[in-house]
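Asker: here's my sequence, what's the structure:
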Amino acid sequence: MESGRTEPSRTELSRREQIYRVAGRLFSERGYHATSMRDLAAELGIQGGSLYAHISGKEELLSEIVQRAARQFDEALFSLRTEDLTPQERLREAMSRHLTVIAENMETATVFFHEWKHLSQEPLAAVITWRDGIEAFYRELIAEGVEAGVYRTGLNIKMAANLVLSSVNWAYTWYRPGGQLSPQDVAASFEQMLLSGLEQPVPARPMQEEN
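Answerer: Now for the predicted structure:
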């Protein structure tokens with residue numbers, strides 16, 4: 001049964017994509033509230049009213065940018081649940097993939113982590129639900145390590161997951177693609193600094209008596 005709606009033309013898709021990309025850059029540089037529709041139109045070289053032929057308003061742009069970022073993290077991370085890795089490898093790989101998504105999408109990541117709070121009630125609730133799901137995912141990874149005996153018994157799993165997640169999320173404020181450190185390098189450094197605090201201490205070897 002036909003819906004009566006026509007598929008958007010290739011030109012329309014291209015223009016919408018241009019709008020999203022320019023919006024992502026301006027929102028990341030200036031902030032959501034400091035960027036006007038007139039600013040967007042000027043950057044795109046079109047009349048302000050022409051934007052409304054492609055989008056309903058500025059919040060639609062913010063909501064779509066945030067949803068796209070969430071999907072990128074989901075696609076990068078959740079497949080790890082079925083991969084044949086040790087608990088330490090799985091957590092290290094999660095950190096690496098998380099950082100890679102940020103490094104490859106710095107403008108989007110900046111908007112996602114810094115501007116999402118400006119969404120209205122319904123899309124804001126969706127972001128909070130997504131965030132809770134990601135936190136649960138990292139708790140799963142750490143709990144797996146505790147159960148396997150590679151992380152400390154009695155570890156506060158929620159606090160440990162928040163520490164790991166905060167460290168990778170905050171990278172959007174300081175990481176610069178093209179620098180000396182790749183996302184994998186950063187993940188390895190974080191793993192060395194953070195995960196050593198999670199792991200079971202190696203029992204000291206008894207000193208041999210001198211003859």
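
Asker: show residues contacting stretch 182-189.
Answerer: Arg92, Met95, Ser96, His98, Leu99, Thr100, Ile102, Ala103, Val168, Ala171, Tyr175, Leu181 (C-beta atoms under 8 Å, 6 or more residues apart in numbering). For the C-beta atoms, the positions are set from N, CA and C on the backbone; glycine is no exception.

Asker: for the last one, what are phi and psi?
Answerer: The main-chain torsion angles of Leu181 are listed as degrees, to the nearest 10 and equal phi -100, psi 130.

Asker: for the residue nearest to the spatial centre of the chain, which non-adjacent residue is spatially closest?
Answerer: Central residue of the chain (C-alpha atoms, centre = their mean): Phe73, 5.1 Å from the mean position. Of all residues not flanking Phe73 in the chain, Val101 sits nearest, at 5.6 Å (C-beta to C-beta, 6 or more residues apart in numbering).

Asker: tell me how far the one you found lies from Met95.
Answerer: 11 Å (C-beta to C-beta, to the nearest Å).

Asker: next: Glu107.
Answerer: 22 Å.

Asker: low-confidence ranges in this protein?
Answerer: 1-13, 197, 201-211 (pLDDT under 70).

Asker: measure the nearest residue to Arg25 once chain neighbours are set aside to Ser189 for me?
Answerer: In space, and not counting its chain neighbours, Arg25 is closest to Glu107: 5.2 Å by C-beta to C-beta, 6+ apart. As judged by C-beta to C-beta, Glu107 and Ser189 stand 24 Å apart.

Asker: helices of this protein, residue ranges please.
Answerer: For the chain, the helices defined by DSSP state H cover 10-30, 37-44, 58-77, 87-104, 106-115, 121-148, 157-169, 183-194.

Asker: before we move on, back to that, ok, and the most crowded of the contacts of stretch 182-189?
Answerer: Met95 (28 neighbours; other C-beta atoms under 10 Å).

Asker: what separates that one from Glu135, distance-wise?
Answerer: 14 Å.

Asker: over to Leu61?
Answerer: If you go by C-beta to C-beta, the gap between Leu61 and Glu135 works out to 26 Å.

Asker: neighbour-wise, which of the two wins?
Answerer: Leu61 (26 against 14).

Asker: give the contact list for that one.
Answerer: By C-beta under 8 Å, 6+ apart, the contact set of Leu61 is Ile19, Tyr20, Ala23, Phe27, Leu40, Ile55.

Asker: CSV for those residues, including neighbour count?
Answerer: Below are these laid out as CSV (neighbours: other C-beta atoms under 10 Å):
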residue, neighbour count
Ile19, 21
Tyr20, 18
Ala23, 27
Phe27, 26
Leu40, 20
Ile55, 18
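
Asker: out of those, who's nearest Val66?
Answerer: Phe27 (10.1 Å; C-beta to C-beta).

Asker: ok, the nearest residue to the closest one once chain neighbours are set aside to Ile65 distance?
Answerer: Nearest non-adjacent residue to Phe27, counting by C-beta to C-beta, 6+ apart: Val111, 4.6 Å away. Val111 sits at a distance of 5 Å from Ile65 (criterion: C-beta to C-beta).

Asker: joint contacts of these two?
Answerer: By C-beta under 8 Å, 6+ apart, the residues touching both Val111 and Ile65 are Gly24, Phe27.

Asker: since that was my last question, I'll sign off now.
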